[in-house]
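A.B. asks: Quick one, fold the following:
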Amino acid sequence: LAKEIGMRTRYNLDYTRQKMLTFALDRDGRDVTDGLNFQQFLDKMFAADPWDEVVPVVIMPSRLCMFLRGIGLMMDHPLSLVKEF
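C.D. replies: Predicted structure coming up:
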């Protein structure tokens, strides 16, 4: 997906791009964030492989996914949006 949407990072590490896209578009469990909170996770990913450009096409879908996951957590029902859609 990262290649298809034109996501570019400094070192193009598959590990960090996969983690960032999973976090943005699917789920935010401990398996993805390594038990870190939102800001710590982003800082860790940026330190490992800084992104040079944020792809505009993923901004709104990722915001919607985070919003839906937040609603799910408020109802004590964590979501994996990839599974739901």
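A.B. asks: Please tell me how far the lowest-mean-pLDDT helix or strand in the chain is from the chain's geometric centre.
C.D. replies: Comparing helices and strands within the chain by mean pLDDT, DSSP states H and E singles out helix 2-5 as the least confident, with a mean of 77. Average the C-alpha atoms of helix 2-5, do the same for its chain, and the two points are 14 Å apart (CA atoms, centre = their mean, to the nearest Å).
A.B. asks: what residues does the helix or strand that it is followed by touch?
C.D. replies: Secondary structure here is assigned by DSSP states H and E; on that basis, the next helix or strand after helix 2-5 toward the C-terminus is strand 8-9. Contacts to strand 8-9, defined as CB atoms under 8 Å, 6 or more residues apart in numbering, come from residues 16-17, 49-53. For glycine as for every other residue, the C-beta is placed from the backbone atoms N, C-alpha and C.
A.B. asks: What mean pLDDT does strand 8-9 get?
C.D. replies: This predicted structure assigns strand 8-9 an average pLDDT of 86.
A.B. asks: Need phi/psi at the residue of the chain most remote from its centre.
C.D. replies: Most distant residue from the mean C-alpha position of the chain: M75, 21.3 Å away (CA atoms, centre = their mean). Per-residue torsions, M75: phi -90, psi 10 (degrees, to the nearest 10).
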